[in-house]
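> what follows is a predicted structure for the sequence shown.
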Amino acid sequence: MLAYSIRRFWQSLLVLIIVTMCAFLLVRLAPGNPARLILPDEATEEQVRLMEIKLGLDKPLPVQYWNYIMDLLRGDLGTSIVYKQPASRIIFARVPNTVLLALSTIFVGCMLAIPLGVIAGTHRGSPVDLFSMLFALLGQSMSTMWLGVLLIWVFAVRLRMLPAMGTGGWEYLVLPVLSMAYPMSATTTRIARSGMVDTLSEDYVVALYAKGVSRMEMYSKYALRNAMIPVSTMLGLNLGIFLAGSVVTETIFGWAGMGQLMNQSVLTRDYPMVQSLLLISAIMFTVINLIVDIINSFIDPRLSIN
Amino acid sequence: MDTKTTISRMLHSYFFVIGLICLIFIIISCYILPYWIPWEPLENSLLDKSLPPEFFRNGLSGHILGTDTLGRDVLIRLLIGGQYSFRLAFISVVLQAILGTVLGMLSGYFGGQVDSIIMRACDAIMAMPSLVLAIAIMAIFGPSTQNLIFVLTVSGWVQLCKIIRNNVRVVKQQEFVLASGILGASGFHIMFKQIFPNVTTNIIIITSQRMGFVILMEASLSFLNLGIPVPAPSWGNMIAAGRQYLVTQPWLIMAPGIALMLAVLAFNFLGDGIRDVLDTKRKV
Amino acid sequence: MSMAAATDATERSEQSEWETLLREEALLRVIGLRVEYRTERAVSKALNGVDLVIHKGESLGLVGETGAGKTTTALSILNLLAQDIAFLKEGYIEFDGKDVYKMSISELRAMRGGKISMIFQNPLTALNPVFTVGEQIALVLRIHKGMRNNEAMKRAGELLEMVGIPAYRIKEYPFQFSGGMRQRVGIAAGLACNPQLLIADEPTTALDVTIQAQILELMRELQKEYAASLLMITHNLGIISELCQRVAVMYAGRIIEYGLAEDVFASPKHPYTVGLLGALPALEGPWQPLAAIPGVIADAQNLPDGCAFHPRCDNCKPECRTEQPLMAHLGNRHFVACFQNGED
């Protein structure tokens, strides 16, 4: 399992190197001169050329990429055009909010999805199963965007129970968490259900019953562990996506996280910021997936071979 | 599986039947209803602004779902927005299917260097959350229909590619493929005549399940004003615009929100139905 | 007329000898078991009146082709038929004087794995891949002997040693073991609680021939040591002759011949048994062509009337097509369900 973890680590590193290339090329391929974007509109040709030299844009592309990587390794993500500050400082100030939102969402989503999915899977054809099916189908069709706006209308506009927008205590967290957790828990419910159904049709389940294992033990321990492997992969993917910043949710609810920053940077054409956010997202996403894969290899040691 | 079994399974799958009926209804409405509605999606009239839905009180000539703050008819915008959405999603899904299939087959069939290059590309794309990647690309290259199709496609082919690749690797090892290789069949023949028919089921299943996802993603981009450029209507930018008037004119978000939900629900039903119908592992 | 009445009378008396056998004091008694599988489209009659007895310490071989209902019989003994598709239509199963289908849940659990344990056909799928083999043996001890975890794991190690696997491997996962080793683990778990009856469902079918021999040898030793009764389910007649005192031959969900293994092998009476034995190559004596049984096994979804074997039988009589033959006694507790009663 250690060998597997190390192998997965190198794989992830390779992926991240490719991602840095993508992020680098994305901005270099963009129409328009990056130097001109930084300078005020009335800048002269001379000023633009000086800026190009300052940014290293006069050098060949591989040299520019090398410099970019060296800067990254020093923790320099470039300078925000709008804030005139290092992008890293602005981004990391947003990280706690995004992490809070992401973890709360995953927690609420699991609380809904896992019990529902497991009960539906162990009681196929029961009312719970039917309910879980409808719950999941509706949730998969509800976009976070539409659900978010709908929740604001119901709870903030009509019922006046919760604030519509802003960053702050738990009352600000409820609606964004719900609007993200429901679509996520819909998929998770389905995966937990089908994981349970698939596991319960395995030969070893009959073999375990033949050893005197009770239904409760089967559902809560012996089959649960097998059924949870696809669920934990799914949760890892979702956590990665949420940690990268939920652009739509954070924009709708004015939650001061990385997603909202992304949207603002896009609107203000702050390309160094967009590039850095893409990179940070990819790093978060890759690291989380690496951790999940390693955890899964402990749950199911077969995953560590092949 | 012969045609008769396929059709009988289709008719026995609730998902398939409900999804298909809803979808036909939605698509026909989007493409045919506009001929009977006397409004244009971009036609604004300050006299008629912010009218609440009057439903069928004035028949088809009234503002059935009300008007927005510029006095544009919500229903016609909804229908035309639906047309845009479906067309974009369809083009993108077809491109994804082609790209995923071709690269997956090359990767699985040739293995070695080809395989590792394609797989690393897949890994890199998968390492970037698809919406964030799409936003970054749209932000830098600017909103246009071509760019929108590009970003909807760029991360969508990876899943299919990986599945097809694994599928091909398994099929390639089976006796009938090895045998035709021994009998001197060309690589091209083996790939398209022997292997391809064995992966088509997966292509159809995976592709049919992507429509709903792509529509949702397009709506999210349009919501952030990075999708279909305004003033052209789309469900996403209609929700974004309606959000400002949530207190006084909630119908502005209800109509596109419900339309989006129903359309995606119908595509998801159909996708699940197709999977049920084609799944060879399903017990009879 | 009187001839027919006389035949009826003899048949009844012959049947009653079979019934006497079934009524004897026995560890396990299966009477007139009928089980159906119902799926979306079809009903398949898996068991059509199976009678079986196993006495204390006895080893019985249950032979038949794939699809004859052997595994269904085994699972019904443990009341483990898949509840959504399998239906017990008739008959009952009595273990140690108690009706298995009237037991409470706790009695059932105590029986499963404690008094009766089962070894499964495919060792590759019969162990849960995400638990260590030690855990899967220890759980039996925890359930039935109330052992604490440490104690159970220690005992699991001893059981592994007993089946020829070093005890330190209790912490390993099933995928780290070969098929034969996994079957040894299955046997160790099966014997953990000194069961009164061990059901082995084709325990060697999925294994290589050399490994088969080792596993059979192990089972023979252990059965002797533990003095458990054995129900050996197999389609391999060689295994029966090595391991079992008695043999029951099954065809289309019924027992069609029963007797001491040496009697049945020396003079098989049912044409199906004859065919089964004829399908084995003889190693001694003059060369003879292998005899295959013509036709295919009866379709459980569409059973023929009368004797289920009649479409494949060379000596089919008119009554074979319409009536089910009963078990006729041929002496020395050798029974056969055939209208020819063994006379050619």
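That came through fine.
> surely C:S44 meets C:A300?
Yes: in this structure C:S44 lies within contact range of C:A300 using C-beta atoms under 8 Å: 4.1 Å. Backbone N, C-alpha and C define where each C-beta goes, glycine included.
> anything in contact with each of the two?
Each of C:Y37 lies in contact with both C:S44 and C:A300 under the rule C-beta atoms under 8 Å, 6 or more residues apart in numbering or on different chains.
> of these two, who's got more company?
When C:S44 and C:A300 are compared for neighbours, C:A300 comes out ahead with 22 against 17, by other C-beta atoms under 10 Å in any protein chain shown.
> and the pLDDT for that one?
Looking at C:A300, its pLDDT reads 81.
> tell me the SS of it?
With DSSP: H, G, I helix; E, B strand; the rest coil as the basis, C:A300 sits in coil.
> and it, what is it in contact with?
C:Y37, C:S44, C:K45, C:A46, C:G67, C:G69, C:A252, C:G253 are the contacts of C:A300 under C-beta under 8 Å, 6+ apart.
> just the buried ones out of these, please.
C:Y37, C:S44, C:K45, C:A46, C:G67, C:G69, C:A252, C:G253 (16 or more other C-beta atoms under 10 Å in any protein chain shown).
> what's opposite the first one in the beta bridge?
Note on C:Y37: beta-bridge partners by DSSP bridges are C:S44, C:A86.
> grab the nearest non-local neighbour of C:R246.
Ranked by C-beta to C-beta, 6 or more residues apart in numbering or on different chains and with sequence neighbours excluded, the top spatial neighbour of C:R246 is C:L60, at 4.8 Å.
> apologies, that question was intended for C:G64.
Leaving aside its chain neighbours, C:G64 sits nearest to C:M250 (3.6 Å; criterion: C-beta to C-beta, 6+ apart).
> tell me how far that neighbour lies from B:L278.
Going from C:M250 to B:L278 by C-beta to C-beta, to the nearest Å gives 38 Å.
> ditto for B:L11
Between B:L11 and B:L278 the computed distance is 14 Å (C-beta to C-beta).
> neighbour count for those two, which is higher?
Neighbour count, other C-beta under 10 Å: between B:L11 and B:L278, B:L278 has more, with 18 against 11.
> report the contact partners of that one.
Contact partners of B:L278, counting by C-beta under 8 Å, 6+ apart, are B:M1, B:T6, B:T201, B:I204, B:I205.
> settle this for me: the second one is touching B:D279, isn't it.
When you say that, I think you mean B:T6. No: taking contacts as C-beta under 8 Å, B:T6 lies outside contact range of B:D279: 11.8 Å.
> got the residues of the stretch 151-284 of chain B near chain A?
B:212, B:216, B:219-220, B:223-226, B:236, B:239, B:242-243, B:246-247, B:250, B:253, B:256-257, B:260-262, B:264-265, B:268-269 (C-beta under 8 Å from any C-beta of the partner chain).
> one step back: so which residues make contact with whichever strand or helix holds the residue nearest to C:R246?
Assigned by DSSP states H and E, C:L60 falls within strand C:59-63. Under the contact criterion C-beta under 8 Å, 6+ apart, strand C:59-63 has outside partners C:52, C:54, C:70, C:73, C:223, C:229-235, C:237, C:239-240, C:243-250, C:261, C:276.
> from the chain's centre, how far out does that strand sit?
How far strand C:59-63 lies from its chain's middle: 6 Å, per C-alpha atoms, centre = their mean, to the nearest Å.
> return the subset of the contacts of B:L278 lying in helices.
In this view, the contacts of B:L278 that belong to helices under DSSP state H are B:T6, B:T201, B:I204, B:I205.
> and the nearest residue to the first one once chain neighbours are set aside, what does it touch?
So that's B:T6. In space, and not counting its chain neighbours, B:T6 is closest to B:V277: 6.5 Å by C-beta to C-beta, 6+ apart. By C-beta under 8 Å, 6+ apart, the contact list for B:V277 reads B:T6, B:R9, B:M10, B:S13, B:F16.
> mind redoing it with 6 Å?
Applying C-beta atoms under 6 Å, 6 or more residues apart in numbering or on different chains, one finds that B:V277 lies in contact with B:R9, B:M10, B:S13, B:F16.
> what's the single longest helix in chain A?
For chain A, the helix with the greatest residue count under DSSP H is helix A:87-122.
> show me what counts as buried in the helix or strand that it is followed by.
For helix A:87-122, the following helix or strand on the C-terminal side (DSSP H and E) is helix A:127-141. Buried positions in helix A:127-141, judged by neighbour count with 16+ other C-beta under 10 Å: A:V128, A:D129, A:S132, A:F135, A:A136, A:L137, A:G139, A:Q140, A:S141.
> residue of the stretch 101-250 of chain C with the smallest distance to chain B?
Closest approach between the stretch 101-250 of chain C and chain B, counting by C-beta to the nearest C-beta: C:T125, at 15.7 Å.
> before we move on, the earlier item: determine which two of the buried ones among the contacts of C:A300 are furthest apart.
Using C-beta to C-beta, these reach their maximum pairwise distance at C:Y37 and C:A252, which is 13.8 Å.
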